[in-house]
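Colleague: Predicted model, plus sequence, below.
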Amino acid sequence: MIYLILFILGLCVGSFLNVVVYRETQETELAKVIKFKKKSFWQKLRSFIPYWVFGRSFCDHCRKDIVWYDNVPIFSYIFLKGRCRFCNKRISPQYPLFEILTAFEFVWIYWLLTKLSFFGRWEGFHSFALLGYWFFIFSVSLVISIIDLKIGIIPDVILLPTIGVVLMRFFITQEWQFLITAFLTSLFFFSLFFFTRGKGLGFGDVKLAFLIGLVLGGWQRVLVAVFLAFLTGAVVGVILVATGKKGRKDEIAFGPFLLLGMLVAKIWGDVVWQWYMHFLF
């Protein structure tokens, strides 16, 4: 029953994350579509609040608002046969797939929290807080990865609040030493950004590296995450160039590889590091 509840919760969260991804990647067009009832007030706030906070969901094609019963995760897509009720245009399968991915992610995280000793065992409110924290971190990682893949940008409106949430958690865990790891990780990526003049990676990756250092904490895990990021990024880059989907001078989003390395290192980083040290010595 718990897994079923978490799966349904993941579907609902995934539906919202779809809105965040869509509106962050279509911000210019949305400025023409979303209308504010109190223009003088909302337009002043617009510079501080992202578009995905305002307005109802609407069709990508005809721009008509989607009624609530057509916005039920998965089931509405199946019932409508993947088409808009009004214009009959095809709805991207990305939306139900992302909802399902988020749902499985929630179930998987709960399994990790309860089965793997790495996460420890908490009781009462702390267990819900810890579960919600990791739901948030993994969900944000998915959103940032997809946005970076689509438009090559890591939006501050998502990244900076996430950093704030991680810092707030330190008031409970008292792991302020993780700030040192975060600054050093960010400094390393800033040096790459500086010496390559932004051609090797973007400044968004520098800020993302700070978040990775905060989440991972230990420098061993950071090394594992960075190594995996460069390794997987290089392999995928070679494959894309070899298949002709990318040119040698084309940019490839690095954020998804960094986040993948972070999540793998958070779960298995200590094991990988111990295996490496045993193999080396």
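Modeller: That came through fine. Numbers count the residues shown, from 1 in each chain.
Colleague: hmm, which helix or strand of the protein has the shakiest average pLDDT?
Modeller: Lowest by mean pLDDT, DSSP states H and E among the helices and strands of the chain is helix 39-45, with a mean of 54.
Colleague: So which elements touch the helix or strand just after that helix?
Modeller: Per DSSP states H and E, helix 39-45 leads on to helix 75-79 as the next helix or strand towards the C-terminus. Applying 3 or more CB pairs under 8 Å, 6 or more residues apart in numbering; DSSP states H and E, one finds that helix 75-79 contacts helix 94-115. For the C-beta atoms, the positions are set from N, CA and C on the backbone; glycine is no exception.
Colleague: pLDDT averaged over the helix it packs on, what's the number?
Modeller: In this model, helix 94-115 has a mean pLDDT of 89.
Colleague: buried set for it?
Modeller: Neighbour-count burial for helix 94-115 flags 95-96, 98-100, 102-103, 105-107, 109-110, 113 (criterion: 16 or more other CB atoms under 10 Å).
Colleague: and what of stretch 163-175?
Modeller: So stretch 163-175, judged by 16+ other CB under 10 Å, has buried residues 163, 166, 169.
Colleague: what residues are up against the last one?
Modeller: For residue 169, the contacting residues are residue 133, by CB atoms under 8 Å, 6 or more residues apart in numbering.
Colleague: helix or strand for it, which one?
Modeller: helix 156-173.
Colleague: Helix, strand or coil: sort out the residue lying closest to residue 21 once chain neighbours are set aside for me.
Modeller: Of all residues beyond its chain neighbours, the one nearest residue 21 is residue 146 (5.2 Å), with distances taken as CB to CB, 6 or more residues apart in numbering. Using DSSP: H, G, I helix; E, B strand; the rest coil, the three-state assignment for residue 146 comes out as helix.
Colleague: Does residue 146 touch residue 24 like I think?
Modeller: No. Applying CB atoms under 8 Å, one finds residue 146 not in contact with residue 24, separated by 9.3 Å.
Colleague: Distance of the residue nearest the centre of the chain relative to residue 242?
Modeller: In the chain, the residue lying closest to the centroid (CA atoms, centre = their mean) is residue 141, at 2.2 Å. Distance, residue 141 to residue 242, by CB to CB, to the nearest Å: 28 Å.
Colleague: so where's this structure uncertain?
Modeller: The model of the chain has pLDDT under 70 over residues 27-55, 116-125, 281.
Colleague: Surely residue 257 is in contact with residue 234?
Modeller: No. If you go by CB under 8 Å, residue 257 and residue 234 don't touch, sitting 9.1 Å apart.
Colleague: tally of neighbours for residue 207?
Modeller: 18 (other CB atoms under 10 Å).
Colleague: what sits against it?
Modeller: If you count contacts by CB under 8 Å, 6+ apart, then residue 207 has 154, 156, 159-160, 163, 186 around it.
Colleague: The same query, at a cut-off of 10 Å, please.
Modeller: Residue 207 makes contact with 154, 156, 159-160, 163, 186, 189-190, according to CB atoms under 10 Å, 6 or more residues apart in numbering.
Colleague: Compare residue 257 and residue 234 and say which is more crowded by neighbours.
Modeller: More neighbours surround residue 257 than the other of residue 257 and residue 234, with 25 against 12 (other CB under 10 Å).
Colleague: quick one, what contacts that one?
Modeller: Residues counted as contacts of residue 257 (CB under 10 Å, 6+ apart) are 145, 148, 205, 225-226, 228-237.
Colleague: and if you look at residue 235?
Modeller: residue 257.
Colleague: coming back round to it: would you check that the residue nearest to residue 21 makes contact with residue 17?
Modeller: Yes. At 8.6 Å, residue 146 counts as touching residue 17 under the criterion of CB atoms under 10 Å.
Colleague: what touches both of those two?
Modeller: Shared contacts of residue 146 and residue 17 (CB under 10 Å, 6+ apart): residue 98.
Colleague: roughly how far apart are residue 130 and residue 73?
Modeller: 25 Å.
Colleague: which of the two has more neighbours?
Modeller: residue 73 (22 against 17).
Colleague: that older thread, restricted to buried residues, select the contacts of residue 257 in PyMOL.
Modeller: To isolate in PyMOL the members of the contacts of residue 257 that are buried, counting by 16+ other CB under 10 Å, one can use:
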select buried, resi 145+148+205+225+226+228+229+232+233+237
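Colleague: just the contacts of residue 257 now: which is nearest residue 252?
Modeller: residue 237 (5.3 Å; CB to CB).
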